[in-house]
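Undergrad: Sequence first, predicted coordinates after that:
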Amino acid sequence: MKLIAVIGPFTAPTPEGIAANVARAKQVRDAVLRLGASPYCSHTMVGDLWEIIPESIIVPSIMEGTRRCDAAILVDGWEHSPGTLREKAELERLGKPVFRTIHALRSWLETSGPSQETT
């Protein structure tokens with residue numbers, strides 16, 4: 001099963017903006033699951049920890065999780081998110097595909113082989 005990073009904006013000027021970003025990421029996460037892939041969605045994994053865990057711990061943790069993914073799907077608004085741009089650049093540096101649409105991800109999943117298992 002492929003592991004797919006769901007990458008997009010998290011931070012926003014208001015709590016409502018953050019909630020909207022998380023809601024969009026959850027929609028994409030759910031779509032990835034419906035495709036039969038395993039989503040890595042840091043928005044839902046560490047989103048509520050920003051208040052209690054230092055950014056110096058959270059950001060490297062998110063980046064390491066993203067690196068371990070087979071590919072990524074972008075969430076709307078990604079172009080304006082410095083964190084998302086860093087994740088995207090790192091995946092591209094590693095030669096991993098980054099998709100802008102669920103349709104493109106679906107096509108790739110249908111034609112790519114199984115993920116490489118790591119131990």
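TA: Looks like it arrived, so ask away.

Undergrad: Could you pull out the buried residues of the helix or strand of the chain with the lowest mean pLDDT?
TA: Across the helices and strands of the chain, mean pLDDT, DSSP states H and E gives its lowest value to helix 42-46, namely a mean of 81. Using 16 or more other CB atoms under 10 Å as the test for burial, helix 42-46 gives 42-43, 46. Quick note: C-beta positions are derived from backbone N, CA and C, even for glycine.

Undergrad: Let's have the residues you listed in JSON lines, adding distance to residue 67.
TA: Below are the buried residues of helix 42-46 laid out as JSON lines (distance: CB to CB, whole Å):
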{"residue": "42", "distance to residue 67": "12"}
{"residue": "43", "distance to residue 67": "17"}
{"residue": "46", "distance to residue 67": "15"}
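
Undergrad: Closest to residue 87 out of the residues you listed?
TA: residue 42 (8.8 Å; CB to CB).

Undergrad: OK, contacts around the closest one?
TA: Contact partners of residue 42, counting by CB atoms under 8 Å, 6 or more residues apart in numbering, are 5-7, 10, 62, 65-66.

Undergrad: Wait, residue 3 touches residue 32, no?
TA: No: Residue 3 lies out of contact with residue 32 (CB atoms under 8 Å); the separation is 9.7 Å.
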